[in-house]
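In: Quick one: sequence plus predicted model below, questions after.
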Amino acid sequence: MKPIYAMALSCLLIGLPDWAFSEPQLYETGPAEESSYVRFVNATDNDISVLSSTGSAKIALKAENDGRASRFYPVKAGTKLSATLLRGDKKDPVEVTGEPWEYITIVVLPSSGAQLETKIVRETPTDFNAMKSSIALFNLDAKCQEASVQGGAKAETILDKVQSFSVARRLVNPVKLAATVTCGATSSNLDLSQLQAGERYSIFLINLKNVHQVFFSREVN
């Protein structure tokens with residue numbers, strides 16, 4: 001991937017606010033041609049934290065929608081990455097290895113056992129368009145076999161048949177968007193407000209205590 005996509009990422013980074021770079025780095029970054037990206041999503045009903053393997057950086061993931069997802073952290077591709085999930089006085093390790101230009105979402109799920117359950121959703125996006133907005137649906141509901149997103153004035157289908165713990169993505173016009181996320185007979189409304197050209201957005205479908213919940217975040221590297 002990918003000089004065109006690399007240049008597109010550089011353009012996105014130039015426009016990011018200062019706070020995007022002031023957050024702690026979880027991992028040592030490598031050369032641009034060997035980078036992958038990792039983020040964490042809290043799909044539980046409790047606040048958790050993520051601690052880097054060296055213990056030098058810590059990020060908080062809230063149990064509220066606007067604080068559930070971290071930004072993407074650049075990492076060295078091909079290297080096993082370790083982190084520790086913290087919830088109260090309990091610690092759970094997690095490991096992942098990324099391919100070059102791969103975007104990895106590590107999802108922390110509710111668990112009735114002593115250890116947190118995690119799922120990994122991988123994506124290698126190739127859809128950058130400076131004139132369009134990119135929307136992805138992450139189906140993180142184990143009980144939802146297929147999810148879809150409808151939106152716009154005519155409630156057109158934007159993304160369809162997204163299976164559990166997978167992702168689908170599509171370019172759309174940068175408009176003000178109110179969307180509906182559907183799974184079977186259940187639907188949830190979501191207001192993404194005004195989409196921006198060249199930006200990437202993630203819509204998340206989760207299930208807490210047998211209740212579907214949806215939220216979204218702007219993807220930040």
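Out: Thanks, I have the structure now.

In: from here on, contacts and neighbour counts on C-alpha atoms
Out: OK.

In: for the chain, which spans come out with low pLDDT?
Out: Filtered on pLDDT under 70, the chain yields the residue ranges 1-33, 54-56, 112-114.

In: domain ranges for it?
Out: According to automatic domain parsing, the chain is divided into the following domains: 1-126, 128-221.

In: and the shortest one, how far from the chain's centre?
Out: So that's domain 128-221. From the chain centre to the centre of domain 128-221 is a distance of 11 Å (C-alpha atoms, centre = their mean, to the nearest Å).

In: now do the same end-to-end measure for it.
Out: 14 Å (C-alpha to C-alpha, to the nearest Å).

In: Against Thr157, how distant is the closest residue in space to Glu117 that isn't next to it in sequence?
Out: Of all residues not flanking Glu117 in the chain, Leu109 sits nearest, at 5.3 Å (C-alpha to C-alpha, 6 or more residues apart in numbering). Distance, Leu109 to Thr157, using C-alpha to C-alpha: 28 Å.

In: Check Lys80 too.
Out: Taking C-alpha to C-alpha, one finds Lys80 at 38 Å from Thr157.

In: Wait, Arg122 touches Val107, no?
Out: No - with contact defined as C-alpha atoms under 8 Å, Arg122 does not count as touching Val107 (10.9 Å).

In: quick one: which of these two has more around it?
Out: Just comparing Arg122 and Val107: by other C-alpha atoms under 10 Å the higher neighbour count belongs to Val107, 21 against 18.

In: Return the distance of the residue lying farthest from the centre of the chain relative to Leu177.
Out: Distance to the chain centre peaks in the chain at Lys154, reaching 27.2 Å (criterion: C-alpha atoms, centre = their mean). Lys154 is 12 Å from Leu177, where distance means C-alpha to C-alpha.

In: can you check Thr186 too?
Out: From Thr186 to Leu177 the distance is 20 Å (C-alpha to C-alpha).

In: the more surrounded of these two?
Out: Applying other C-alpha under 10 Å to Thr186 and Leu177 shows that Leu177 carries more neighbours, namely 17 against 11.

In: got the contact list for Gln115?
Out: For Gln115, the contact set (C-alpha atoms under 8 Å, 6 or more residues apart in numbering) comprises Asp92.

In: Gly198 now?
Out: Applying C-alpha under 8 Å, 6+ apart to Gly198 gives the contacts 12, 128-134.

In: Same check on Asn210?
Out: The contact partners of Asn210, by C-alpha under 8 Å, 6+ apart, come to none.

In: So it versus Cys144, what's the distance?
Out: 11 Å.

In: Please apply the same query to Gly88.
Out: Gly88 sits 30 Å away from Cys144, taking C-alpha to C-alpha as the criterion.

In: Which of the two has more residues huddled nearby?
Out: Between Gly88 and Cys144, counted using other C-alpha under 10 Å, the more crowded position is Cys144 (20 against 10).

In: Tell me if I'm right that that one and Ala185 touch.
Out: No - under the criterion of C-alpha under 8 Å, Cys144 makes no contact with Ala185, lying 10.7 Å away.

In: For Arg122 and Val107, list the residues in contact with both.
Out: Counting by C-alpha under 8 Å, 6+ apart, Arg122 and Val107 have no contacts in common.
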